[in-house]
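In: Below: sequence and its predicted model.
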Amino acid sequence: MSEFAVELRDVVKIFPTPEGGEITAVNHINMQIKHGEFFSMLGPSGCGKTTTLRMIAGFEWPTSGEVRIDGHVIGRTPPYLRPVNTVFQSYALFQHMTVFQNVAFGLEMERIRKDEIKRRVGEVLEMVKLGGMEHRKPQQLSGGQQQRVALARALVKRPKVLLLDEPLGALDLKLRKEMQLELKTLQEQVGITFIYVTHDQEEALIMSDRIAVMNRGKALQIGTPVEIYERPTSQFVADFIGETNFLYGTVRFVEADKASVYVPVLDSEVIGLATAGLTVGQKAVISIRPEKIRISDKPILTKNCFSARVTLIAYIGSDTRVSVDINGQRINIWEQNKISSLDTNIYYRENQEVWITLFPENTLVLPEE
Amino acid sequence: MREKKPSLWLRLVSLLIYAYIYIPIIILIVFSFNTQKLNVRWEGFTLHWYEVLFNDANIGLATRNTLLIAITSTIAATIIGTMAALALQRYRFPGYTLIESALYIPVIIPEVVMGISLLAFFAFIQFSLGLLTITLSHISFNIPFVVLVVRARLHGFDKSIEEAAKDLGANEIITFWRVTLPTILPGVLSGALLAFTLSLDDYVITYFTAGPGSTTLPLRVFSMVRFTVTPEVNALSTIWIFTVFIMMLINQLLTRSNT
């Protein structure tokens, strides 16, 4: 057994356009996906995530570079000879077949004995909670149930890798949240490597062991959800995952993992964690998440602490969202409501003068894009 | 959705229009059971004309020819037309629009023109006229109709089901037989039924491409009514109407079952 379930080495995919031009859908991607891992490819539409998935499935072939599945270079092997299976965004169920026939289809292709097929289909339908639905047709099922049939149909083949292309995209929010946890549990139960494509960052954070954040055909950052959220290495990733505040400036000094940035709008330097490769004089951007900013009546630190005026208060139950203004620069802060009180004086008021603190360990210095 | 009831006026007009369409056909059916030889006055009920019809050797031969041509041309046109529809759905290539429009031109060309062109063509290649030339001609005018019907059904065809089949281990051939064809089958059958009906009652093109001994039912009927419409023709037409009607009904049911 190879070290990686799937490995992409310098993969490029170029599509011709109808006008005779070219589009680079996937631009020199390298990924190493471990056995049993829940790996997500996350990015906006058109970032190349689905194309990458389709190259692993065998529906597209790389223009250059290589795809390895379990250590073997897969080349131009057609989809029906690859040890991977796909759950399609549209489910792609066979409408003229029953649930049982849909799930059994893949096993029939392997020429497995009838009674064995029956047993395995029954097992997998139990697993996805569709026991007793064997004889229904897909159009008699709800969206969530159809989704489970698609999942069962792929899982019953016991693939080395299961590829999921936005499988929850068509479901409503509540069902989606349920299915997210269910999928995660299922993946741990069967131990199959999952490669999951989504544009929903929350979904990726909830389910994944590791995430590849993609944009314009490139994998910008690959890491655990915590790494991706807490230590984004680029402005795009910081912006795409969660909410953040950006302050633009110029790097004044870099020392070990710390950097100082002069921010004109604050007329001050801000100290934060440096990303690799920052140089003095470079245009940089400070990124700090709204829940990590401290708001107070008095200054707390001598540095990274600024006077501001409250412009907007929004109480949303679990936290209060405060917008403050410093010389026309708006900064959003989320204060968790840890005290249960009807006394509204514990919250800040509009036009109140406050101090905000950007703790250096929560503040990231990123190269400006 | 709340359904509105049509007004009395609208119902009356509709009734008149239906009467306008169906009265001649009803008269024809009624007179096929008439004891009198002229379609003028009702005299009494008889099945005599049906008996005459079934004992008429010429009609028997024409029926055999017609069915032979209709079945053969339907099968051929359906296979070719379905393949063309699938190819036009799946591939894009230079000259696509031209090829696509060229396929539909036979639908709008006057039948007489097509008949003459086929006759001229068969004469040009010195192909003797007969059942074969009629069948070839019917295949040729039926292909575009099959393509039209099948393509309408393919509109919105989710090609990911074919990918899913391959993903689950089916090669191209198994994918076609077990997934693609069953999915588009209602459209294919619709196309086939249309082709069959068109072939069954074609007169103009058949007239130009028929040779000695290859008389079909429409040709036979025309020769029978040259002087007067006999009850025997009425009986034949009645059977014919019901045959086509039942086929259209099947087609309707097929269309409905898939939507």
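Out: Arrived safely, thanks for sending.

In: Now do the same contact list for the residue positioned nearest the centre of chain B.
Out: Central residue of chain B (C-alpha atoms, centre = their mean): residue B:197, 2.0 Å from the mean position. Contact analysis of residue B:197 by C-beta atoms under 8 Å, 6 or more residues apart in numbering or on different chains lists B:244, B:247, B:248. Heads up, the C-betas are built off the backbone N, CA and C, glycines and all.

In: Distance-wise, check it relative to chain A.
Out: Distance, residue B:197 to chain A, by C-beta to the nearest C-beta, to the nearest Å: 26 Å.

In: Ok, residue B:86 next?
Out: Per C-beta to the nearest C-beta, residue B:86 is found 17 Å from chain A.

In: that's a strand at that residue, yeah?
Out: No - assigned with DSSP: H, G, I helix; E, B strand; the rest coil, residue B:86 falls outside any strand and is helix.

In: Hmm, residue B:154 and it touching each other?
Out: Yes - using C-beta atoms under 8 Å, residue B:86 makes contact with residue B:154 at a distance of 7.2 Å.

In: Spell out which residues are contacts of both of those two.
Out: Between them, residue B:86 and residue B:154 share the contacting residues residue B:184, judged by C-beta under 8 Å, 6+ apart.

In: For burial, what's the neighbour tally of residue 24?
Out: Went with chain A since none was named. For residue A:24, the count of nearby residues is 15 (other C-beta atoms under 10 Å in any protein chain shown).

In: Not quite, go with chain B.
Out: Considering only other C-beta under 10 Å, residue B:24 is surrounded by 9 other residues.

In: ok, the helix or strand that contains residue A:65 near chain B or not?
Out: According to DSSP states H and E, residue A:65 maps onto strand A:64-69. No - using C-beta under 8 Å from any C-beta of the partner chain, strand A:64-69 never reaches chain B; the gap is at least 13.6 Å.

In: quick check, nearest of the contacts of residue B:197 to chain A?
Out: residue B:247 (23.0 Å; C-beta to the nearest C-beta).

In: Next up, the contacts around the closest residue to residue A:352 other than its chain neighbours.
Out: Closest residue to residue A:352 apart from its sequence neighbours, by C-beta to C-beta, 6 or more residues apart in numbering or on different chains: residue A:310 at 4.7 Å. Contacts for residue A:310 (C-beta under 8 Å, 6+ apart) come out as A:322, A:323, A:324, A:348, A:349, A:350, A:351, A:352, A:354.

In: now do 6 Å
Out: Each residue near residue A:310 by C-beta atoms under 6 Å, 6 or more residues apart in numbering or on different chains is listed here: A:324, A:348, A:350, A:352, A:354.

In: Show the pLDDT at it.
Out: We have a pLDDT of 94 for residue A:310.

In: Could you give the bridge partners of it?
Out: Assessed by DSSP bridges, residue A:310 has beta-bridge partners residue A:324.

In: same thing with residue A:356?
Out: Beta-bridge partners, per DSSP bridges, of residue A:356: residue A:295, residue A:306.

In: With the one 10 residues further on instead?
Out: Per DSSP bridges, the residues bridged to residue A:366 are residue A:285.

In: Might one say that it is in contact with residue A:273?
Out: No - contact criterion C-beta atoms under 6 Å: residue A:366 and residue A:273 do not qualify, at 9.7 Å.

In: tell me the contacts of the nearest residue to residue B:44 once chain neighbours are set aside?
Out: Distances taken as C-beta to C-beta, 6+ apart place residue B:35 nearest to residue B:44, at 4.3 Å, with adjacent residues excluded. Residue B:35 makes contacts with B:43, B:44, B:46, as judged by C-beta under 6 Å, 6+ apart.

In: With adjacent residues omitted, what lies nearest to the closest residue to chain A within the stretch 1-150 of chain B?
Out: Residue nearest to chain A within the stretch 1-150 of chain B (C-beta to the nearest C-beta): residue B:92, separated by 7.3 Å. With sequence-adjacent residues excluded and distances taken as C-beta to C-beta, 6+ apart, residue B:92 is closest to residue A:18, at 7.3 Å.

In: Just give me the neighbour total for residue 231.
Out: No chain specified, so I'll use chain A. Count around residue A:231 with other C-beta under 10 Å applied: 15.

In: ah, I was thinking of chain B
Out: Residues within reach of residue B:231, counting by other C-beta under 10 Å, total 23.

In: I'd guessed residue B:218 sits against residue B:203; true?
Out: Yes - in this structure residue B:218 lies within contact range of residue B:203 using C-beta under 6 Å: 4.2 Å.
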